[in-house]
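Participant: any chance you can model this:
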Amino acid sequence: MYKAALLAAAGVLFATGTVANLRADADLKADSQLTETGLLAQRTAATTTEDSRGGVLIGGIETDPHTGWSIESRYGALMYYTIRYGTVFRTVEGRIVNIEETQSVDVTDVEAMTFADDGTLYFINDGEAHPSSEQTRHALYRVSASELDRDSSTPVQAERLGGSFHQGNADDLMGLVFQDGTLYGLTYATARIARVSTETGAVEYVSTFDGQGRAWGGLTRGEDGRVYLLGNPDDGRSDAELWRFDDFPQGTPTLVATLTGVRYSEAISAHPDGYLYVVEGSPYRSERLLLRVNPQDGSFTTQPMSQEVQAFEFYYAGEEAALSSTGAGPGYQQ
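Facilitator: So this is what the prediction gives:
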């Protein structure tokens, strides 16, 4: 596979920069309104050209390639965003159940999520109240691949594995990534890497890097095998930064590039097309941006996103299998 060819071919995905909101926020207020009406039937992309893109299989169900997943905080709904021909299509997978209440008005506060190779989804719910103190906890949840059935009328069953208590939000986990079969997390403001048990949710801090003065977000393993993360100086009032670990989870990350004009960002996910996808989540902007970033030099293109996204994740193994099986379509050349 030639990375340069992949980077060039994937450019058609960001050709027009439009957003299709397949569900209004009000539609998330009741389970009866979470009805699947069909992603393919509602597409309004500028072109009707079809290609042999194949599909990404999760739990035996086919999903379009270039589909990223996120969890909507207000109502606790699992969403998926399909990027095709410069358009982002947003669809509800279903409301997540078996989630403990947070201290805020939102059902969930998910800023870290990742997929295992078998399609199992793991996510951290921050802000769950300690029963007898002002401490909060980050709790780890697991969603089986079979729950991702593309039927928004059915709830998404989540299994709570456990968690750890901490004071304040400096140690909130803002990213998750699997490395050599082990799950790791990144803290918000203390620049620590934590090993997270996929059985109990217990957190063990394994390293600290020189990263004070920044708000950190996102962890993802790129197509080059390196782990990337996002730094936000001045609490997001200055331009966001792309950083890279060459030796993860030890070592110190190096600055790849400043994402000029892009403010507070905490969601990043690698795709086997060779790009990193970053969602800007700045509270200082009315319009969010989706960036497609070249990890070699930090250059990027943008398109609008419909709403704030705190965590965004591709099912990398499935996307990679789709790429290998088809070798066709935007961003899918070998």
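Participant: so which strand or helix has residue 319?
Facilitator: Using DSSP states H and E, residue 319 sits in helix 316-326.
Participant: what's that helix packed up against?
Facilitator: Helix 316-326 sits against strand 56-58, strand 110-115, with contacts defined as 3 or more CB pairs under 8 Å, 6 or more residues apart in numbering; DSSP states H and E. Every residue, glycine included, has its C-beta placed from N, CA and C.
Participant: now it: buried residues?
Facilitator: 316-323, 326 (16 or more other CB atoms under 10 Å).
Participant: just for the stretch 1-150 of the chain, where's the confidence low?
Facilitator: 1-54, 101-106, 127-136 (pLDDT under 70).
Participant: do a quick rundown of the strands in it.
Facilitator: 18-21, 56-58, 61-63, 67-72, 77-84, 87-97, 110-115, 121-129, 136-143 (DSSP state E, counting those that start in this stretch).
Participant: of the helices and strands packed on helix 316-326, flag the one that's most buried.
Facilitator: strand 110-115 (a mean of 26; mean count of other CB atoms under 10 Å).
Participant: pairing partners for that strand, with directions?
Facilitator: Paired neighbours of strand 110-115 in the sheet (DSSP bridges): strand 121-129 (antiparallel).
Participant: before we move on, back to that, and the buried residues of helix 316-326, which is closest to residue 225?
Facilitator: residue 316 (11.9 Å; CB to CB).
Participant: so the closest one touches residue 270, yeah?
Facilitator: Yes. Residue 316 lies in contact with residue 270 (CB atoms under 8 Å); the separation is 6.6 Å.
Participant: what's the overlap in contacts for those two?
Facilitator: Each of residue 221 lies in contact with both residue 316 and residue 270 under the rule CB atoms under 8 Å, 6 or more residues apart in numbering.
Participant: span of stretch 231-239 from start to end?
Facilitator: End-to-end distance for stretch 231-239: 9 Å, by CA to CA, to the nearest Å.
Participant: sorry, back to before: distance to residue 185 and pLDDT for the buried residues of helix 316-326 - can I get that in CSV?
Facilitator: Listed next are these as CSV, based on distance: CB to CB, whole Å; pLDDT from 0 to 100:
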residue, distance to residue 185, pLDDT
316, 17, 95
317, 20, 93
318, 22, 93
319, 22, 93
320, 23, 91
321, 26, 90
322, 28, 86
323, 28, 82
326, 33, 63
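Participant: columns distance to residue 287 on top of the helices and strands packed on helix 316-326, output as a markdown table?
Facilitator: What follows is the helices and strands packed on helix 316-326, written out as a markdown table (distance: least, CB to CB, whole Å):
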| stretch | distance to residue 287 |
| --- | --- |
| strand 56-58 | 28 |
| strand 110-115 | 20 |
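Participant: ok, which of the ones you listed comes nearest residue 77?
Facilitator: Taking those one by one with CB to CB, strand 110-115 is closest: 10.7 Å.
Participant: now the closest one against helix 316-326, angle please.
Facilitator: When axes from the mean of the first three to the mean of the last three CA atoms, to 10 degrees is applied, the directions of strand 110-115 and helix 316-326 differ by 40 degrees.
Participant: contacts only, for the nearest residue to residue 171 once chain neighbours are set aside.
Facilitator: Nearest non-adjacent residue to residue 171, counting by CB to CB, 6 or more residues apart in numbering: residue 187, 4.8 Å away. Contact partners of residue 187, counting by CB under 8 Å, 6+ apart, are 170-174, 193-194, 216.
Participant: how about residue 281?
Facilitator: So residue 281 contacts 264-267, 288, 308-310 (CB under 8 Å, 6+ apart).
Participant: just residue 319 next, same as before
Facilitator: 56, 65-67, 271-272.
Participant: tell me which two in those are the farthest apart.
Facilitator: Most distant of the contacts of residue 319, by CB to CB, are 67 and 272, 12.9 Å apart.
Participant: run a quick neighbour tally on residue 199.
Facilitator: 9 (other CB atoms under 10 Å).
Participant: could you do residue 82 as well?
Facilitator: Residue 82: 20 neighbours (other CB under 10 Å).
Participant: I'd say it and residue 66 touch.
Facilitator: Yes. With contacts defined as CB under 8 Å, residue 82 counts as touching residue 66 at a distance of 6.5 Å.
Participant: chain neighbours aside, what residue packs nearest to residue 214?
Facilitator: If the residues on either side of it in the chain are set aside, residue 214 comes closest to residue 231, at 4.4 Å by CB to CB, 6+ apart.
Participant: separation between the one you found and residue 244?
Facilitator: Residue 231 sits 11 Å away from residue 244, going by CB to CB, to the nearest Å.
Participant: more neighbours: those two, which one.
Facilitator: Set side by side, residue 231 and residue 244 show more neighbours around residue 231, with 22 against 19, by other CB under 10 Å.
Participant: quick check: mean pLDDT of the host helix or strand of the more buried one?
Facilitator: Using DSSP H and E, residue 231 maps to strand 227-233. Strand 227-233 carries an average pLDDT of 95.
Participant: for it, report the contacting residues that lie outside it.
Facilitator: Contacts of strand 227-233 (CB under 8 Å, 6+ apart): 175, 177, 179, 186, 211, 213-222, 238-245, 248, 253, 255-256, 263-268, 270, 276, 278, 295.
Participant: for it, buried residues please.
Facilitator: Applying 16+ other CB under 10 Å to strand 227-233 flags 227-232 as buried.
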